[in-house]
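# Structure here, sequence nowhere to be found:
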């Protein structure tokens, strides 16, 4: 008996609720399903006399394939006939294809977390192997061979890797369950089946966990076999030789050059998008390794810079913290490298997002003729076509230009098979949007025929198209329309997509009859604020899914969409940063164990517990700031490199100085957080027992 309101492609309509139903166990992603009579549904969706899908039941004894062939012979072109199984398989493939980017996106962040974790593993084994050097010397004097020592360390690594992988699988399953619960809390209805832990997932996770641990611990394990037994018995730890340092510097240079070459080849070379992205990713990893190998040489000057303000605030503890950070540059560098990776990614995203916002603002200012825009409240879904009609009736409105759109696959050219954006503007779109024509002009759109298309210069270049050439598209409905190129526009105006066709073709071949955006041109002398108020009253009340925006509000709307994506990336990067903080805490804890006698001596000559805690915190801050400084530099370099080929598309790189300074400050605060437990433990060491520690 309650009243509910529905809106399709017309105005808001009121209906009386007469029943409740559930469509099996299917999930609709949080959408509400309203069932009405067929004529009402066709009227709401502006599909009178048309159907989206017809389900057919076969007579007993008639196979699905036989019935499919009979029906297909009677259907007109453009109608897809398939069995229930084929329909389910196609829908499943489409969903997998649509969510493929999400899988790749999450795998990339999973790789980042594992990559950061490998530095933690390497540092942990480096420290523990160094601390057990006397033990290994004793084993060597008792007859153990180098291979046996190596095997001992690697078996330990195998056990730790296996345990870590098992805990990671359990943790990943719990996180997936938590995300599922979070979606349900926000009203997003995911499929009701239980979470699935495939055998393949377990095997891959175990292999990755074990292999990463073994590879990361290999160099420390090899080092444990190279110390002579007699020297090891006296806890002799060989300092890095000049030759080793030169080898590391040479290797660092080679990796940097190779990485830069791969990044540039990915940016400016030919090939598929996936191959180029792989080159850029591999190049970035090589550059990170290069910086990590070179960073021990940078630790003393960077520690001096990061420790300078700390020495001014607390002279003694600040100086000791700086000298402790400089004492073992390799250890400090590897510890900082883990945080460096996280800061690099955050800095890159921050700079790139700032550039996107700047570019969006510039595009809106330069290409929209000062009118108003009507769009869906979510920023991307279609709006009812009645909004344009209602807007045209508002005093002060000269005209309303509309644009509709869909995706299609290109059938010809070098990029055949790839998807492209196809839009259908009304003929008067040039009255509200400033189109920069490469070939043709406004009259081309006004006189556009159904077999003609206007393309962007990027699309024409990537598919070798010139005026008069023909090309074909495959739409989501299965139609294969062909078009002749009659005009070319500048691709910087992203709102137009890549291909422009008539709205009749968009409805016929793409089954898209709703507007994506309405562009409102005002009468000369009209008060924009007053017209917007009238439009809001006349349009938003009748069509609640639509909103009327002025130029500034449109920029803010686009910026908010960018901010939402940035927040998602930041949330995923939290895992990598947490791992790096755990690495700092772990290194401090192990080094405190190593420096037990030294800390006892400091306490014995008068250093207070508070000063010990401060010294450890400052040491963590210096390490974190070293990682932060290197990360900022790398992030800026990567953002600048990737922005170069986008400049021709109108991308404007912007460096948000305040945000980057805040990021560096947060890196220092993260060091304080990581040092809480190690600093507390160091301050509570018993002085007498510490002095007797061997």
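That came in fine, so what should we check first? Because the structure is a prediction, the values reported are computed rather than measured.

# Leaving out the residues flanking it, which one is nearest to the spatially most central residue of the chain?
Compute the mean C-alpha point of the chain, and by C-alpha atoms, centre = their mean the closest residue is residue 569, 4.9 Å away. Among residues not flanking residue 569 along the chain, residue 349 sits closest, at 5.2 Å (C-beta to C-beta, 6 or more residues apart in numbering). Glycine gets a C-beta too; all of them are placed from N, C-alpha and C.

# and the one you found, what element?
helix 329-367 (DSSP states H and E).

# Next, the angle helix 329-367 makes with whatever helix or strand comes next after that helix.
Using DSSP H and E, the helix or strand that follows helix 329-367 in sequence is strand 372-376. Angle, strand 372-376 to helix 329-367, by axes from the mean of the first three to the mean of the last three C-alpha atoms, to 10 degrees: 120 degrees.

# From the chain's centroid, how far away is strand 372-376?
28 Å (C-alpha atoms, centre = their mean, to the nearest Å).

# again with stretch 360-373
The answer for stretch 360-373 is 27 Å, by C-alpha atoms, centre = their mean.

# I would like the residues contacting that stretch, please.
Residues from elsewhere that reach stretch 360-373, judged by C-beta atoms under 8 Å, 6 or more residues apart in numbering: 431-435, 492-495, 517-522, 528, 531-532, 535, 548-551, 554-555, 558-559, 562, 650, 652.

# in that stretch, what's buried?
Residues of stretch 360-373 classed as buried by neighbour count (16 or more other C-beta atoms under 10 Å): 360, 361, 363, 364, 367, 368, 371, 372, 373.

# same question, stretch 671-679
671, 674, 675, 678, 679.

# So residue 90 sits against residue 83, correct?
No: applying C-beta atoms under 8 Å as the test, residue 90 and residue 83 come out as separate, 10.3 Å apart.

# Look at those two and report which has more neighbours.
With neighbours defined as other C-beta atoms under 10 Å, residue 90 and residue 83 compare such that residue 83 has more, 15 against 12.

# The residue nearest to residue 569: how many residues sit nearby?
Residue 349, neighbours per other C-beta under 10 Å, totals 17.

# picking that back up, can you tell me which of the buried residues of stretch 360-373 comes closest to residue 575?
residue 360 (29.1 Å; C-beta to C-beta).

# pLDDT score for that closest one?
With respect to pLDDT, residue 360 scores 84.

# separation between it and residue 366?
In this view, residue 360 and residue 366 are 11 Å apart by C-beta to C-beta, to the nearest Å.

# Next: residue 118.
Distance from residue 118 to residue 366, by C-beta to C-beta: 46 Å.

# what do you get for residue 164?
53 Å.

# likewise residue 584?
In terms of C-beta to C-beta, residue 584 sits 47 Å off from residue 366.

# what does residue 23 give?
Taking C-beta to C-beta, one finds residue 23 at 48 Å from residue 366.

# Mind jotting down where the strands sit in the chain?
Applying DSSP state E to the chain gives strands spanning 3-6, 13-16, 372-376, 397-410, 419-425, 437-439, 452-456, 470-474, 482-489, 499-500, 517-522, 546-549.

# Report how far apart the opening and closing residues of stretch 511-519 are.
22 Å (C-alpha to C-alpha, to the nearest Å).

# okay, now the domains of the chain?
1-64, 101-238, 372-546 (automatic domain parsing).

# how far is the longest one from where the chain is centred?
In terms of C-alpha atoms, centre = their mean, the centre of domain 372-546 is found 28 Å from the chain centre.

# Longest helix in the chain, please.
In terms of residue count, the longest helix belonging to the chain (DSSP state H) is helix 84-131.

# any idea of the mean pLDDT for that helix?
Mean predicted confidence for helix 84-131 is 82.

# and what of stretch 528-540?
The model assigns stretch 528-540 a mean pLDDT of 87.

# neighbouring contacts of it?
By C-beta under 8 Å, 6+ apart, stretch 528-540 touches 370-372, 374, 387, 390-391, 393-397, 520, 522, 546-548, 550.

# can you check stretch 55-66 too?
67, 71, 83, 84, 85.

# What is the end-to-end distance of it?
15 Å.

# now that stretch, how far from the centre of its chain.
46 Å.

# Residue 55: neighbouring residues, count only.
Residue 55 has 6 nearby residues by other C-beta under 10 Å.

# same check, this time on residue 56
Neighbours of residue 56 using other C-beta under 10 Å come to 12.

# and it, how far is that from residue 143?
82 Å.

# go on, residue 337?
38 Å.

# quick one, which of those two is more surrounded?
More crowded of residue 337 and residue 143, by other C-beta under 10 Å: residue 337, with 27 against 7.

# For the residue lying closest to that one once chain neighbours are set aside, give me its contacts.
Spatially, and ignoring its direct neighbours in sequence, residue 337 is nearest to residue 292 (4.4 Å; C-beta to C-beta, 6+ apart). Contact partners of residue 292, counting by C-beta under 8 Å, 6+ apart, are 119, 333, 334, 337, 340.

# Isn't the second one up against residue 295?
Just to be clear, that refers to residue 333. Yes: assessed by C-beta under 8 Å, residue 333 is found in contact with residue 295 at 4.0 Å.

# Determine the residues that are contacts of both of the two.
residue 626.

# So between these two, which is more surrounded?
residue 333 (26 against 22).

# now that one: how far from residue 623?
In terms of C-beta to C-beta, residue 333 sits 9 Å off from residue 623.

# And for residue 532?
Using C-beta to C-beta, one obtains 54 Å as the distance from residue 532 to residue 623.

# More neighbours: the two, which one.
residue 623 (32 against 20).
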